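# Return a 3D structure for these sequence lines:
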Amino acid sequence: MVEISIRKRPLTGIEASASTQKFFKKTARGKVVKVVRERYLRSDISCGSSSCQKCKESHLSAISSKQSNSPTVLLSQKGLANSVVRGNHYLILDTNVFLHQIDLIENPSFTDIIVLQTVLDEVRHRSLPLYNRLKALISDPDRRFWVFYNDFSSETAVLRQTDESPNDRNDRAIRTAVEWYRSHLTLSTGPTSSTRSNLDVVLISDDADNVRKAKEANLRAYNVREYVNGMSNADQLLDLLSARSVGGDSELGGDRRSLLYPEHLPTAQVQAGLKSGVLISGFFNANAYNYLEGTVRTSAFDKPVLLVGREAMNRAVDGDVVAVTILPKEEWKAAADEVIEADSALKNDDAEASDDEGENSGDVDREEARLARKEARDAELAAKSRTSEPQPTGKVVGIVRRNWRSYVAHVDVSSVHDASSLGPQSLFATPVDRKIPRIRIRTRQASNLIGQKILVALDAWRPTSRYPDGHFVRALGATESKEAEQESLLLEHDVPYRPFSKAILDCLPVEGDDWKVPPKDFSNPAWRDRIDMRSEMICSIDPPGCQDIDDALHAKQLPNGNIEAGVHIADVSYFVKPDNPMDAEAASRGTTVYLVDKRIDMLPHLLGTNLCSLRPYVERLAFSAVWEMTPDADIVSVRFFKSVIASKAAFTYEEAQLRKDDKSKTDEITKSIRLLNSLAIKLKKKRMDAGALNLASPEVRIHLDSSESAAPIDVEQKEMRETNSLVEEFMLLANVSVAEKIYETFPMTAVLRRHQPPPKTNFETLQDILKKRKGMDLDVSSSGALAASLDLCVDPKEPAFNTLVRIMATRCMLSAEYFCSGSVARDTFGHYGLACGMYTHFTSPIRRYADVLAHRQLSAAINYAPLHPSLHSKDHVDDILNVVNKRHRSAQMASRASVEFYVGLAITEKNRSAGGGETVGKGEVKLREEAFVIRTFRNGIAVFVSKFGLEGLITFKEECEFDAEEYKVKVPSRVSGLSKDVELGIFDKCLVEIGVEKDKNTKRGKTKMALVLG
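Take a look at the predicted model:
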């Protein structure tokens, strides 16, 4: 045998030191382990410049090795030009620029940027959403972003020195890479090179110390504002600058004004306080009815912790995770009985004055102090008027995690000093979400932004400022235009709606719409181990206009007297393979979002509405669950298998109901529907007997004029038929059966869904209201007891009363959530609302990513295909489901917002058709509807109009006689403007006029209501 010897070049200098890294870390169980990481440095990492002759071979190799759907794009030959920089150049951006100025960098003006590996890793560590936005820029061929792996280059790798912080090491690594690029480009593109492009690099950083050190090393370095001032479209770009930028009008350092809020505790002190139990943490929830109040839910107390006054909320924004100190018990307060709206309370604030830090800062301090005292007085007066029981009360002392994002807003016209000015001015942007405070932005486009919906980003909230600072991102379009409204609600609820990229579309079958199930051949991958169900009487039952048909059903009588019932679900996992771009995008989107006039798909249209959709008369791949059941709906056995089906019909709920009820029809499809319905009735009875809840939510159907105009012509409540329940019962049965199977096979990583029992304290107010207002008892000792008592909450004179109580009970519940079976205790798996011990989502893989994961796990459980390694990882499943839970909540809120917008359009049209005006409460509005009172305040009532599924807040000019114990308010005629005094309590019916008024400051239409006499 020939002897083979391997020789390695000995490592020297930085290579020897940087090749191995050793450190110790403590595991979750407290064990200390030694970790050794090896890093190999290379000398052939290319610079990315298309003008560089030295790296030309490396560039050609990189281009040829890349796949066609992900081309390598080099930096341009000419580089960039800027009036403050001599000569053409490329940019190297510091980490802080990507972290704080990503809206600016996403502007198409920024191209030819070198992204260092050090920066990329730090951005990923600090913020995954920003990292994903940066990755999108890197993958965009038009932007020319080049990733340089400086930590793997023998020329630029640096080690962390003794007593050097990680941040200082990273800054030094960035400057080292800038220095290498400068010398490399001088040699390869300078006067002696063949291209003579004379390119340089410029470091952009908002870290003043890093810029100073770079200049001391004779490197070109600027802060972001300095560089942007030299760009040709500087006026437009300066509006995108974050308030954190160095040297700007909103510079955060050196603020000489007095403090309006307490300083937040340092991070280390907050963590120590949380660990010791001195502090508690939780999500901050702003009060939509009272801007001077908020709450934080925590496991330490049964009731949420109350925060009273802006100082106690201490610059927390809705959704932030905050650290709270609890006040002594004698200082605990109760929630206010009063509506305090920020729009009216703060309408005279001056954005320019609030931002003043110069010679007039003393006047500003006095004005700020006066307003702060007024707010404190308002909060104190509201506190004194509270009649309910005190609850734990605290104040925010630190921020654990900011959950800021971009917000849809309108410019407050009253804050614009000079609409004709082209110079920068501060103004207020009022977010659409009334839980978010007004945001002060600085812009040169004030005149263009009035009457527009705009996107703004939050940057910082200084303790010396009553308002957070932010910056303008972009205009969305004219207020109340359908296009701007639809885009704004997607942005407001963080719904991804970008078109599918080429890389994603390349994952689809090349045949496109012409793809068909191949002829039956078990050697073909499409037919492997599938059962041929094409001859079965399978049909689908869906809402009108449904195109993405996930599920179909069948039932037939068996010779032994039992019944075979089957649920057939689109086999999406055949087309969506793990670890490809389409799978990654589906995981990111999490769910399809249904708006009134459009659908934001989770999967490309080709799959959702064609290849995966179980349309009638065509063969489709499916994943089937088939039960043998007794006539009493007892399950004898269940089988799971991949199948090929050919649906015989696609019905709407109404069509299926009419077919079932038509005694003259005796065909096989009709028999199948009747069998399914008889089983569904018994399945539902079993669920209800087990304690399942029949809850309710305000659902309406919008009738549109046409698909082109999308103008609403009417609104009606959705009608629930027997066939709705038929489909629901079999989908629930399939989900329960699949949950049990995948948990049995994968007990640590099964993708399940749970609905935890709500704390009994959640129902205390509703119980008290029902007892005092209607003499009814609500038993919440178990889901079965709650279901039984809800059935008894009936008012013979008012059929809609029971539905209203169920809606209010639903709001006392916790939200259902996806979870990984190995991450929570076994006794918390149950689904409270459905009264089942285990549940998952399997039946809608076209529109829900959790169902795709369940399909993959079930496929492995029946030994059809091996499970992808990632689904064996509990941490990986947890991470995916966290995203899916977030997207699911966002989709629900976006759908509701879309319905509300179209209901508003329908109300406007109804008033216009009736010859009514716009001003509500003056007799101009002609649309009048009955409403239920659902909440009472000292100065207002909240009502629910069941016909439109719409809630409204009616406020009065002054406080009224309020009986908090009996949930009643007496409104004098001089306050209401009616001809007589009116007394209203919760559950009372009243007549309201409904209109849409345009806010004079924001130019935004807002649905308003006013009391009228019947």
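
# Tell me which helix or strand in this structure has the weakest average pLDDT.
When the helices and strands of the chain are compared on mean pLDDT, DSSP states H and E, helix 13-18 comes out lowest with a mean of 48.

# so where's the longest helix in this protein?
Across the chain, the longest stretch assigned as helix under DSSP state H is helix 874-913.

# what's the helix or strand for residue 951?
strand 950-955 (DSSP states H and E).

# I'd say residue 193 and residue 184 touch.
No. Residue 193 is beyond contact range of residue 184, at 11.1 Å (criterion: CB atoms under 8 Å). The C-beta positions use only the backbone N, C-alpha and C, and glycine is treated the same way.

# tell me which residues of the longest helix of the chain are tucked away?
877, 880-881, 883-885, 887-911 (16 or more other CB atoms under 10 Å).

# as a whole number, average confidence for it?
For helix 874-913, the mean pLDDT works out to 89.

# returning to that earlier point: now the angle from the strand holding residue 951 to helix 874-913?
Strand 950-955 runs at 70 degrees relative to helix 874-913, counting by axes from the mean of the first three to the mean of the last three CA atoms, to 10 degrees.

# CA atoms of strand 950-955 as CSV?
Extracted in CSV, the C-alpha atoms of strand 950-955 (Å, rounded to 0.1, in the frame of the first residue of the first chain):
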residue,chain,number,x,y,z
LEU,A,950,-69.1,47.6,15.4
GLU,A,951,-68.1,49.1,18.8
GLY,A,952,-68.2,52.8,19.4
LEU,A,953,-67.3,55.2,22.2
ILE,A,954,-69.8,58.1,23.0
THR,A,955,-68.3,60.7,25.2
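
# Please enumerate residues in contact with that strand?
Residues from elsewhere that reach strand 950-955, judged by CB atoms under 8 Å, 6 or more residues apart in numbering: 289, 339, 341, 698, 900, 903, 931, 934, 937, 939-945, 992, 994, 1007-1011.

# Then stretch 77-85?
The contact list for stretch 77-85, computed with CB under 8 Å, 6+ apart, reads 49-51, 88-91, 111-112, 195, 197, 199-200, 202, 220, 222, 226-227, 229-231.

# are any of those buried, and which?
Applying 16+ other CB under 10 Å to the contacts of stretch 77-85 flags 49-51, 88-91, 111-112, 197, 199-200, 202, 220, 222, 226-227, 229, 231 as buried.

# re the thing from before, check which element follows the longest helix of the chain along the chain.
That would be, after helix 874-913 and using DSSP H and E, strand 928-937.

# in that next one, what counts as buried?
929, 931, 932, 933, 934, 935, 936, 937.

# Just grab the bridge partners of the first one for me.
The partner list for residue 929 in beta bridges (DSSP bridges) reads residue 992.

# Could you verify my assumption that it touches residue 949?
No. Residue 929 is not in contact with residue 949 according to CB under 8 Å; the separation is 11.6 Å.

# What residue spans form the domains of the protein?
What automatic domain parsing lists as the domains of the chain is 56-251, 259-403, 404-478, 502-689+720-751+834-890, 914-1012.
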